[in-house]
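[1] sequence unavailable; structure follows:
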């Protein structure tokens, strides 16, 4: 069978399968339960730093630490119940994962000459990660835009828990060397929130495909960094199924 014949058969099959679906009404159920799956990312990058002093060779040295958190991958699953044509409530769980990198620099006193310092540095560009899990509680208002399109606006509180591989600087006593070490730190907070919007297309009466954009997150205090912002603007695609 030639490629042209194969393409013709595939096209004919798609038309035959798709024609009944197009003939069906696309109106969704007025009420009932639904679930949705979303995949996307957190495009925003963040950075934080710290500094301090230490004593070496009877003098005061200084160090500075900087850490960057990159954009992340997002996975989301949610469920809810539609009470009326326009109003529903639900809960969703999402996980965002990002890579991180840390670098440190220090000014260390000279062991022989007073007032002379050596500038040393250290870096770790791989292996550091941040993982955040969020639980969104939300109320959603639905707005039919066209025959097959819906706009949904949601808002509510969020519980977030993050785990961060945080870098720290260790200065070897009476030595002109520093070490960049990492420690995994985690914290949970209910002082967070979410607000979002999604635009979906009803493939049929039960299934929709769409795009979403939202802010979900808050601030956490970790031993290595105070008021660390976790979560951010999140965007991606979704599939929603109504029961």
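    Perfect, thanks for sending it. Since the model is a prediction, treat every value here as computed from it, not as a measurement.
[2] make sure residue 59 is actually in contact with residue 109.
    Yes: applying Cβ atoms under 8 Å, one finds residue 59 in contact with residue 109, separated by 3.7 Å. Backbone N, C-alpha and C define where each C-beta goes, glycine included.
[3] who's more crowded, those two?
    residue 109 (21 against 15; other Cβ atoms under 10 Å).
[4] which residue lies nearest the spatial centre of the chain?
    The residue lying closest to the centre of the chain (Cα atoms, centre = their mean) is residue 96, at 3.4 Å.
[5] let's see the pLDDT reported for it.
    On the pLDDT scale, residue 96 is placed at 94.
[6] show me what it is bridged to.
    Residue 96 has the following beta-bridge partners by DSSP bridges: residue 74, residue 132.
[7] that one and residue 132 touch, don't they?
    Yes: under the criterion of Cβ under 8 Å, residue 96 makes contact with residue 132 at 4.9 Å.
[8] which residues do the two both contact?
    Taking Cβ atoms under 8 Å, 6 or more residues apart in numbering as the criterion, residue 96 and residue 132 both touch residue 231.
[9] helices and strands of this structure: which one bottoms out on pLDDT?
    Every helix and strand of the chain was ranked by mean pLDDT, DSSP states H and E. The lowest is helix 3-23, at a mean of 38.
[10] tell me which other helices or strands the helix or strand following that one touches.
    Of the helices and strands lying after helix 3-23 in sequence (DSSP states H and E), the nearest is strand 32-42. For strand 32-42, the packing partners by 3 or more Cβ pairs under 8 Å, 6 or more residues apart in numbering; DSSP states H and E come out as strand 59-82, strand 87-109, strand 228-242.
[11] who does the second one touch, helix- and strand-wise?
    Meaning strand 87-109. Applying 3+ Cβ pairs under 8 Å, 6+ apart, we find strand 87-109 packed against strand 32-42, strand 59-82, strand 117-144, strand 149-171, strand 178-202, strand 228-242.
[12] how distant is it from the center of its chain?
    Computed by Cα atoms, centre = their mean, to the nearest Å, the chain-centroid distance of strand 87-109 equals 8 Å.
[13] any idea how far residue 130 is from the residue nearest to the centre of the chain?
    Distance of residue 96 to residue 130, computed by Cβ to Cβ, to the nearest Å: 8 Å.
[14] shared neighbours, those two?
    Residues touching both residue 96 and residue 130 by Cβ under 8 Å, 6+ apart: residue 72.
[15] of the helices and strands packed on strand 87-109, which is nearest residue 218?
    strand 178-202 (2.9 Å; Cβ to Cβ).
[16] how far does that closest one sit from the chain's center?
    6 Å.
[17] that one to strand 59-82, inter-axis angle?
    For strand 178-202 against strand 59-82, the angle by axes from the mean of the first three to the mean of the last three Cα atoms, to 10 degrees is 20 degrees.
[18] how about the nearest residue to residue 145, chain neighbours excluded?
    Spatial nearest neighbour of residue 145, chain neighbours left out: residue 151 (5.2 Å); criterion: Cβ to Cβ, 6 or more residues apart in numbering.
[19] pretty sure that neighbour sits against residue 197.
    Yes: using Cβ under 8 Å, residue 151 is in contact with residue 197, at 7.0 Å.
[20] what is the neighbour count of residue 115?
    Count around residue 115 with other Cβ under 10 Å applied: 7.
[21] again, but for residue 34
    By the criterion of other Cβ under 10 Å, residue 34 has 19 neighbours.
[22] and residue 145, by the same measure?
    Using other Cβ under 10 Å, residue 145 has 11 other residues around it.
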